[in-house]
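> Need a 3D model of the sequence below.
(one chain, ligands or ions: 1)
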Amino acid sequence: MTQNELKQAVARAAIEYVVENEIIGVGTGSTANFFIDELAKIKHRIKGAVASSEATAARLRGHGIEVYDLNDVPEIAVYIDGADEITNAGAMIKGGGAALTREKIVASVSKQFVCIADGSKLVEVMGKFPLPVEVLPMARASVTRALAMLGGTPKLRLKPGTEEAFITDNGGMIIDVAGLAIADPVALEQQVNQIVGVIAVGLFAARGANVCLLGMADGVKTLKF
Ligand SMILES: O=C(CO)[C@H](O)[C@H](O)COP(=O)(O)O
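Numbers count the residues shown, from 1 in each chain. As a prediction, this is how the structure comes out:
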């Protein structure tokens, strides 16, 4: 099976977690895109969705799914999103698609977080995937220095094919920190959150996943945390 087929399989399996007549939290990335395409098939069974990025909002609307402003939605029954890495305790690195801040906000008001990922994302210790940190542009240099003190190698994310900084949906920049072996994800999440100028860190540990649907060659494996 290709990686895309594994992603499609978990996207299909995630439909079982969709709560009828509710507003669904929807993540960002290629796996989330497969999920949106599956969600479109049952759109008459949901009220609508809250999107974690402009790209996700556009794809949802393209399928005729109503997109709600989070400010008008006090609580979300379930949030479904991918991950760049996930541990067998449900902690994740997210933000490869630069949507980490909105993803974290939507996840924070969701009763259940269902992570959908191909099996290659399951790791014992996170950090092989560079940790994304969204920062206010004026704090780019000071946050980079502070992140270097944590032992990794921070690097400003650039717009593909250019020397210009990548700008997020929120007007922030992303610093990717390579070379961290994350022994204590909750402690590191707290530490990075305390750096002045950080908008959000792509470590989802204090609030990790409740369920992970992992796409494996022999089928979808469900992990519950
Ligand atoms: O956190 C994310 C976007 O900010 C994605 O969930 C993560 O990057 C995984 O992406 P994909 O499903 O394309 O492998």
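> So the most centrally placed residue in the chain versus Val19, what's the distance?
Centrality entry for the chain: nearest residue to the mean C-alpha point is Lys94, 4.3 Å, by Cα atoms, centre = their mean. Separation of Lys94 from Val19 (Cβ to Cβ, to the nearest Å) stands at 22 Å. C-betas here are computed from N, CA, C, even on glycine.
> got it, and Ile36?
Distance from Ile36 to Val19, counting by Cβ to Cβ: 16 Å.
> Then Ala183?
From Ala183 to Val19 the distance is 36 Å (Cβ to Cβ).
> Run through the chain and note the low-pLDDT ranges.
Within the chain, no stretch has pLDDT under 70.
> Helices along that one, start to end?
Under the criterion DSSP state H, the chain contains helices at 3-13, 30-41, 54-62, 100-108, 140-148, 185-193.
> And the third one, what's buried?
Buried positions in helix 54-62, judged by neighbour count with 16 or more other Cβ atoms under 10 Å: Ala55, Thr56, Ala57, Arg59, Leu60.
> Also the first one?
Taking 16+ other Cβ under 10 Å as the basis for neighbour counts, the residues of helix 3-13 that come out buried are Leu6, Lys7, Gln8, Ala9, Val10, Ala11, Arg12, Ala13.
> Save those as JSON lines, and put in distance to Arg45 too.
Below are the buried residues of helix 3-13 laid out as JSON lines (distance: Cβ to Cβ, whole Å):
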{"residue": "Leu6", "distance to Arg45": "25"}
{"residue": "Lys7", "distance to Arg45": "22"}
{"residue": "Gln8", "distance to Arg45": "20"}
{"residue": "Ala9", "distance to Arg45": "21"}
{"residue": "Val10", "distance to Arg45": "20"}
{"residue": "Ala11", "distance to Arg45": "16"}
{"residue": "Arg12", "distance to Arg45": "15"}
{"residue": "Ala13", "distance to Arg45": "16"}
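> Out of these, flag the one nearest to Asp72.
Ala11 (26.6 Å; Cβ to Cβ).
> what residues are up against that closest one?
Going by Cβ atoms under 8 Å, 6 or more residues apart in numbering, Ala11 touches Thr31, Phe34, Phe35, Asp37, Glu38, Ile116.
> again, only using 6 Å
By Cβ atoms under 6 Å, 6 or more residues apart in numbering, Ala11 lies in contact with Phe34, Phe35, Glu38.
> repeat for Thr28
Counted by Cβ under 6 Å, 6+ apart, Thr28 has contacts Ser52, Ser53, Thr56, Gly97, Ala99.
> Out of those residues, which end up buried?
Here, 16+ other Cβ under 10 Å leaves Ser52, Ser53, Thr56, Gly97, Ala99 buried among these.
> Quick one: name the residues of the protein near the ligand.
Contact residues (Cβ under 6 Å from any ligand atom) of the chain with the ligand: 27-32, 81-84, 94-100, 103.
> can you list the residues that contact the strand ranked longest in the chain?
In the chain, assigned by DSSP state E, the strand with the most residues is strand 110-118. Contacts with strand 110-118, where a contact means Cβ under 6 Å, 6+ apart, come from 3, 6-7, 10, 14, 17, 25, 31, 76-80, 82-83, 86, 107, 209-215.
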